[in-house]
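*Asks:* Here is my input, please return the structure:
(chains A and B)
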Amino acid sequence: MSKAVSELNGARYAGLAEVADAGLRGMITLRGDLDSAVLKSAVQAATGAGMPGIGRISVAADGAVAWMSPDELLLLVPYEEAGAKLAALQAALAGEHALAVNVSDARTYLRLSGEGAREVLAKVSPVDLDPAAFGPGQFRRSRLAQVAGAFWMEEDGSFGIICFRSVGEYVFKLLKTAAHPQSKVGVY
Amino acid sequence: MLILECPYCGVKAEETELAAGGEAHLKRYGPGSSDDEFHDYLFMRENPKGVHFERWRHANGCGKWFHAARCTMTLEVFGTYPAQTTEPPQEICDKITAKRPGWSWREFSDGRKSSAA
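*Replies:* Numbering: from 1, shown residues only, chains lettered A, B, ... in the order given. Here you go, the predicted model:
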């Protein structure tokens, strides 16, 4: 079995904010009826986190659930456990109109932290990142310059960023440029 | 810059996050229809100066299709509503009527559907 390596392989850059490869993360895309009690308890069992509200992420000790669309969730679990969690999820959802797929290796997971994190992200995304409009626990699928991406804010003010693995390097370089020390705008 | 609120995720999305999907509420004519009906369905589109109904997709977001009622002249947005409907909801029509009395678009007008429809 080959050793799994994240696409950016630990790359990091410190400027206005610190951009870092957040390593491998187990991710399961789940589509189905989000009001279903069976689905809710299966999600709870897989991640330890409850159902998130619209546009939010609920975080537990080693898992998280993000609201992707009215019929889609993204489950974050430890990378090594993704296969087992998926099997358990599919067993729990037997008979439900739902679909769960392990997408861990299709994604790149980055972390953006530090003072300038809001500003750096705001430069590349059309999202209002004012502290009043975007706070911890909020999750947003949007656009990172030219590619699709999703991000959320942690309690400590850092951002988790997810994009497709194929554009991971693009997103890293994009954030790196946006975090250049001489490019401070000072909006937030 | 056009800003539409996605009725599914509540996000006020700006134009670059959305994909335009053309005119809304097209009635589809397929096998069994006359050539004229099929021609009109395929090619005849409204090109109004004023009230217009369109389909949009929240492409860089929740990925859902929705409808938007807006003014092509002022870019004013009257409202957005889910795609699972064949006609604009009364509430949207009322909003348009309040701002553009006497409006009409295809078979919809002024808050009431015309009898010709």
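*Asks:* where does A:T108 fall, phi/psi-wise?
*Replies:* Here is the backbone geometry of A:T108 (degrees, to the nearest 10): phi -120, psi 140.
*Asks:* close to chain B, is stretch A:87-100?
*Replies:* No: counting by C-beta under 8 Å from any C-beta of the partner chain, no contacts exist between stretch A:87-100 and chain B, the nearest distance being 14.6 Å. Yep, even glycine has a C-beta here, placed from its N, CA and C like the rest.
*Asks:* in that stretch, what's buried?
*Replies:* Counting neighbours by 16 or more other C-beta atoms under 10 Å in any protein chain shown, one finds that the buried residues in stretch A:87-100 are A:89-90, A:92-93, A:98, A:100.
*Asks:* Let's see that stretch as PDB, backbone CA atoms only.
*Replies:* Provided in PDB are the C-alpha atoms of stretch A:87-100 (Å, rounded to 0.1, in the frame of the first residue of the first chain):
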ATOM      1  CA  ALA A  87     -18.900   1.700   5.600                       C
ATOM      2  CA  ALA A  88     -20.700   2.400   8.900                       C
ATOM      3  CA  LEU A  89     -22.500   5.300   7.400                       C
ATOM      4  CA  GLN A  90     -23.700   3.300   4.400                       C
ATOM      5  CA  ALA A  91     -24.900   0.500   6.700                       C
ATOM      6  CA  ALA A  92     -26.800   3.000   8.900                       C
ATOM      7  CA  LEU A  93     -28.300   4.600   5.800                       C
ATOM      8  CA  ALA A  94     -29.500   1.300   4.200                       C
ATOM      9  CA  GLY A  95     -33.000   1.900   2.800                       C
ATOM     10  CA  GLU A  96     -32.700   5.700   3.000                       C
ATOM     11  CA  HIS A  97     -32.600   7.700  -0.200                       C
ATOM     12  CA  ALA A  98     -29.000   8.900   0.400                       C
ATOM     13  CA  LEU A  99     -25.600   8.700  -1.200                       C
ATOM     14  CA  ALA A 100     -22.200   8.700   0.600                       C
END
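*Asks:* tell me the mean pLDDT over stretch B:4-18?
*Replies:* The average pLDDT within stretch B:4-18 is 94.
*Asks:* Spell out which residues sit in contact with the one residue sitting closest to the centre of chain A, please.
*Replies:* A centroid search over chain A (C-alpha atoms, centre = their mean) returns A:I162, at 4.4 Å, as the residue closest to the centre. By C-beta atoms under 8 Å, 6 or more residues apart in numbering or on different chains, the contact set of A:I162 is A:27, A:74, A:107-110, A:149-151.
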